[in-house]
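Student: fold the following for me, if possible:
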Amino acid sequence: MSIIIQSFPFYNKYAGVKQDVQIYSDEKGGNSKIVLEDVVLILLTQPRKPADTNEAIAITEEKIKLASITPTDFDGLHLATVDQMEEFYICCDELGDYGKPTVYELFGKCWVNILRELMEKRLAHIGRLVSRVPVWEKDLDKTRRIFGEEAKKEIALRIWLKMYYKLSVDWMVTVITFKTRGKMSFLYRGTTGEVPNSVNSSKKNDQRRQAGNNIYTPETFVVIAPEVEKLLDNPKNLLEDAAESIKESDTVEEETNQVKTLRFQGKSDDEIIEQIWKVTPQSNLAEAEEEGEYRNYQYELLKVFLDFIKK
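Tutor: Next up is the predicted model:
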């Protein structure tokens with residue numbers, strides 16, 4: 001069975017650096033082990049002073065002896081199970097002892113709330129996308145508010161995108177669908193062990209084939225939310241990456257010509273967006289990650305699209 005290596009970021013706000021800690025797993029998420037050298041490097045990093053790799057290696061070996069554990073040796077690294085990591089980390093309490101809360105405390109929370117949970121739930125092999133596990137419950141609550149009794153009924157990915165993020169421009173939804181559909185299939189297979197087009201009735205299998213195997217319940221789509229939001233947080237990059245695929249679209253060409261015509265008539269960008277797409281700054285508000293906050297992802301995408309069209 002092959003080994004999957006995934007890296008998970010930890011941000012040291014005092015040093016202003018993002019560092020990765022690696023977790024090794026088998027291809028089904030079992031037998032997960034964390035790299036102890038990565039943990040020590042994080043704790044040794046100081047503001048204005050990067051951690052020394054040789055020092056981290058020496059301290060790791062010292063703490064392993066102190067903790068009386070026997071981690072797995074692999075390519076010069078020490079890989080620890082959840083229980084071994086617990087014992088090891090207790091012995092590191094004098095490291096990362098700065099800041100309020102200290103770096104030791106901050107990484108400890110990252111370990112308990114995210115990394116340990118991923119290892120115990122056999123999800124670490126999927127990667128940093130699922131480091132959002134602790135907020136899935138909140139995402140599920142949001143999903144049930146939006147979809148109600150339909151939250152457990154299968155729909156296509158593009159329909160979920162439209163409803164969850166209040167997206168209404170079809171070709172933009174298509175761009176995001178193509179960007180995320182492969183990841184959704186991988187996540188489903190990774191977390192269930194099932195091939196997406198073989199889990200339900202033949203009728204639903206036909207629906208899956210027609211939709212590119214991207215029919216799941218809204219509750220299941222929650223796992224792909226971080227990937228979608230990463231795209232939506234960078235609308236300029238999203239549309240730039242899609243430039244080649246959309247330039248042949250008759251719809252995009254027609255809408256581009258409409259924009260040029262309305263600009264010639266002296267219309268503002270907000271007036272153009274409302275007239276062509278029926279979108280205003282207040283019309284397509286979607287719940288943001290922070291409770292009580294809203295984002296108009298569709299409006300933001302359209303503003304960027306208009307910026308691409310020469311005035």
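Student: residue furthest from the geometric center of this structure?
Tutor: Residue farthest from the centre of the chain, counting by CA atoms, centre = their mean, is residue 265 at 42.0 Å.
Student: okay, that residue and residue 254: tell me how far apart.
Tutor: 17 Å (CB to CB, to the nearest Å). The C-beta positions use only the backbone N, C-alpha and C, and glycine is treated the same way.
Student: same check, this time on residue 89
Tutor: Residue 89 is 59 Å from residue 254, by CB to CB.
Student: residue 63 too?
Tutor: Per CB to CB, residue 63 is found 64 Å from residue 254.
Student: check which helix or strand covers the residue nearest in space to the middle of the chain.
Tutor: Against the mean C-alpha coordinate of the chain, by CA atoms, centre = their mean, the closest residue is residue 226 at 3.2 Å. Using DSSP states H and E, the element containing residue 226 is helix 225-232.
Student: pLDDT below threshold where in the protein?
Tutor: Applying pLDDT under 70 to the chain flags residues 1, 126-137, 186-213, 289-292, 311.
Student: how about the strands in the stretch 51-200 of the chain?
Tutor: 72-74, 77-80, 155-156 (DSSP state E, counting those that start in this stretch).
Student: between those, which one is nearest to residue 243?
Tutor: Residue 243 lies closest to strand 155-156 among these, at 24.9 Å (CB to CB).
Student: what about the closest one, distance to the chain center?
Tutor: Remark: strand 155-156 is offset 20 Å from the chain centroid, using CA atoms, centre = their mean, to the nearest Å.
Student: repeat for stretch 268-279
Tutor: Centroid displacement of stretch 268-279 relative to its chain, using CA atoms, centre = their mean, is 31 Å.
Student: which residues touch that stretch?
Tutor: Stretch 268-279 is contacted by residues 168-169, 255, 258-259, 262-263, 267, 280-281, 296, 298-299, 302-303, 306 when judged by CB atoms under 8 Å, 6 or more residues apart in numbering.
Student: recalculate using a threshold of 7 Å.
Tutor: Here stretch 268-279 makes contact (CB atoms under 7 Å, 6 or more residues apart in numbering) with 168-169, 255, 258-259, 262-263, 280, 298-299, 302-303, 306.
Student: determine which two of the residues you listed are furthest apart.
Tutor: It's 168 and 263 that sit farthest apart of the contacts of stretch 268-279, by CB to CB, at 21.8 Å.
Student: show me where the stretch 101-250 of the chain has its helices.
Tutor: 103-110, 116-120, 136-147, 157-165, 170-192, 202-210, 218-221, 225-232, 235-241, 243-246, 250-264 (DSSP state H, counting those that start in this stretch).
Student: many thanks, we can stop here.
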